[in-house]
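Novice: What shape does this take:
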Amino acid sequence: MGNIVIVGSGHAGYQLAAALRHAGNDDAVFLVGDEPHLPYQRPPLSKDYLKTAMKPEDLRFWSEEQFAEKAIKRIAGVAVTAIDRAAGAVSLSNGHRLGFDRLVLATGTRNRVLPVPGGDRAGIYSLRTVDDAERIRAALENATSAVVIGGGFIGLEIAATIAERGVPVTVVEAAGRVMGRVVGEAVSRHHERVLGALGVGFRFHAKVAGILGPESLGSTGRVEAVLLGDGERLEADIVIVGIGVLPNQELAVASDLAAGDGILVDAGLATADPRIFAIGDVARHPSLYASAPVRIESVQNATDQARLVAARLAGKPAGAYGAVPWFWSHQGSLKLQIAGLGHEADETVLRGRPEDGAFSAFRFRAGRLVAVESVDRPTDHMAARRLLAGGTMLTPGQAADESFDLKALAMARPQTG
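Specialist: Numbers count the residues shown, from 1 in each chain. Okay, here's the model as predicted:
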């Protein structure tokens, strides 16, 4: 029996620990995380947690007793500071060392910092942890105006939540549309219209020049407004920054493991050191759904990768990682589900009409389906996942034709050979 050390107690780290036991692995498992909390669900933080009186314990995956029952040793509130590959050990921030036979890096990501004058004023928040969500929820109790910097999933989810509270909120986005990195224009524009009707304002192609406050208090005084590059002043007593993330790859880099916008792994999620794996948001891996290795930030990806590595560590056949990427985002009444990766698409057709409130954008590259973005059409989403997983051929004409039986095609046995 050996030691498996998991670095990171977020979704990927927890799922790996749980999957190891489910797979019958009886090694000693250590789950090391720098947060003091028991592992918890993060998707509700930008939505239900801000809207309700939920408590941190409502988000927990397992209790302390359940971790003990599974013989998973939690080391909480402690960071891994270094990896000694030669000795097979990691150094901890509490001064201890922990030996490993297998090491899994599930270190996740951290929020990008807004590099502008006044960016450290009171009243500026970002969301990554349950503690962040607690602070934002408390600040919203007395907020009279808000600005969200960044029009990605998290920014829009928070903006919708703020608007539903009746607080004026403006989203500032550097690009020309929301969610530009992950969806096509049709889905972006639909979300802009629906959220606009909810009360969310938008500024596109906008640069933040600074965060303003009482001059007498200096740069650490409380925020009063966001100054844009064109001179516009957006009043705000709370500012949410959601301008993307950076992978926590420093441990790998310091250990001479290849990294570049994520820790580089092979199709089995192993680094160049066969004892060391990386999973979740920090891992950059080969994908059947992209022409180059990708780093995917999603709960689904973290869960599926954890299961694959757990199987490998339990000595079971695992193969290459080939799960269909899928994502979701709930923004007010909007329920967006995405299957596949659409960033390389060169053609998009719509199934259904945006003006009817429910539609899907089918995205193709060189005539082959690569992604489907569904707004309030869950049956399209489930069919899309099956089509992509089976490599089933679907033409743009079939996708756009609502009389074509998409579900029947998805359920049919994929042709081989």
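Novice: CA atoms for contacts and neighbours, from now on please.
Specialist: Will do.
Novice: Just confirm Tyr138 is within a strand.
Specialist: Rather than Tyr, residue 138 is Ala. No. Counting by DSSP: H, G, I helix; E, B strand; the rest coil, Ala138 is not part of a strand but helix.
Novice: Counting neighbours, what do you get for it?
Specialist: Ala138 has 11 neighbouring residues, counting by other C-alpha atoms under 10 Å.
Novice: Residue numbering should commence at 44 henceforth.
Specialist: Noted, 44 is the first residue going forward, which turns the last one into Ala181.
Novice: Distance check, it against Ala66.
Specialist: With the distance defined as C-alpha to C-alpha, to the nearest Å, Ala181 ends up 41 Å from Ala66.
Novice: Check the burial of Ala297 by counting its neighbours.
Specialist: 13.
Novice: Tell me who's in contact with it.
Specialist: For Ala297, the contact set (C-alpha atoms under 8 Å, 6 or more residues apart in numbering) comprises 125-126.
Novice: Now do it against Asp127, distance only.
Specialist: 10 Å.
Novice: what's the answer for Gly166, then?
Specialist: Taking C-alpha to C-alpha, one finds Gly166 at 41 Å from Asp127.
Novice: now Gly395
Specialist: Taken as C-alpha to C-alpha, the span from Gly395 to Asp127 is 55 Å.
Novice: Between these two, which is the more surrounded one?
Specialist: Gly395 (19 against 15).
Novice: Contact partners for that one?
Specialist: 401-403, 443, 445.
Novice: Val147: which of those residues is nearest?
Specialist: Ser403 (37.2 Å; C-alpha to C-alpha).
Novice: thought that closest one was touching Ala382?
Specialist: No. Between Ser403 and Ala382 there is no contact under C-alpha atoms under 8 Å: 10.8 Å.
Novice: list residues touching both of those two?
Specialist: With C-alpha under 8 Å, 6+ apart, Ser403 and Ala382 have common neighbours 415-416.
Novice: what's the spacing between Ser134 and Met436?
Specialist: 50 Å.
Novice: Skip the chain neighbours and tell me the closest residue to Ser403.
Specialist: Ser417 (4.1 Å; C-alpha to C-alpha, 6 or more residues apart in numbering).
Novice: Parallel or antiparallel, which strands does the helix or strand harbouring that neighbour pair with?
Specialist: Element membership for Ser417, per DSSP states H and E: strand 411-418. Strand 411-418 pairs in its sheet with strand 377-383 (antiparallel), strand 401-408 (antiparallel), by DSSP bridges.
Novice: Tell me the helix or strand right after that strand.
Specialist: helix 421-433.
Novice: now the angle from that next one to strand 411-418?
Specialist: On the basis of axes from the mean of the first three to the mean of the last three C-alpha atoms, to 10 degrees, helix 421-433 is oriented at 160 degrees to strand 411-418.
Novice: on contacts alone, who are the packing partners of helix 421-433?
Specialist: In terms of contacts (3 or more C-alpha pairs under 8 Å, 6 or more residues apart in numbering; DSSP states H and E), helix 421-433 is packed against strand 377-383, strand 411-418, helix 449-454.
Novice: Tell me how far it lies from the chain's centre.
Specialist: Computed by C-alpha atoms, centre = their mean, to the nearest Å, the chain-centroid distance of helix 421-433 equals 21 Å.
Novice: residues of that helix that come out buried?
Specialist: 421, 423-433 (16 or more other C-alpha atoms under 10 Å).
Novice: Next secondary structure element downstream of that helix?
Specialist: Using DSSP H and E, the first helix or strand after helix 421-433 is helix 439-443.
Novice: In that following helix, which residues are buried?
Specialist: For helix 439-443, by 16+ other C-alpha under 10 Å, it's 439, 442-443.
Novice: Check stretch 64-75 too.
Specialist: Neighbour-count burial for stretch 64-75 [16+ other C-alpha under 10 Å]: 64, 66, 68-70, 72-75.
Novice: would you list those residues in a markdown table and tack on secondary structure?
Specialist: Formatted as a markdown table, those follow (three-state DSSP):
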| residue | secondary structure |
| --- | --- |
| Arg64 | helix |
| Ala66 | coil |
| Asn68 | coil |
| Asp69 | coil |
| Asp70 | coil |
| Val72 | strand |
| Phe73 | strand |
| Leu74 | strand |
| Val75 | strand |
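Novice: Quick check: the two most widely separated of those?
Specialist: So for the buried residues of stretch 64-75, where distance means C-alpha to C-alpha, the most widely separated pair is Ala66 and Val75, at 20.4 Å.
Novice: where does this structure dip in pLDDT?
Specialist: 259-263, 456-460 (pLDDT under 70).
Novice: Outline the domain layout of it.
Specialist: 46-153+289-356, 156-284, 385-454 (automatic domain parsing).
Novice: would you turn those domains into a markdown table with distance to Gly362?
Specialist: Shown next, in a markdown table, are these (distance: least, C-alpha to C-alpha, whole Å):
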| stretch | distance to Gly362 |
| --- | --- |
| domain 46-153+289-356 | 7 |
| domain 156-284 | 28 |
| domain 385-454 | 15 |
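Novice: Lovely, talk soon.
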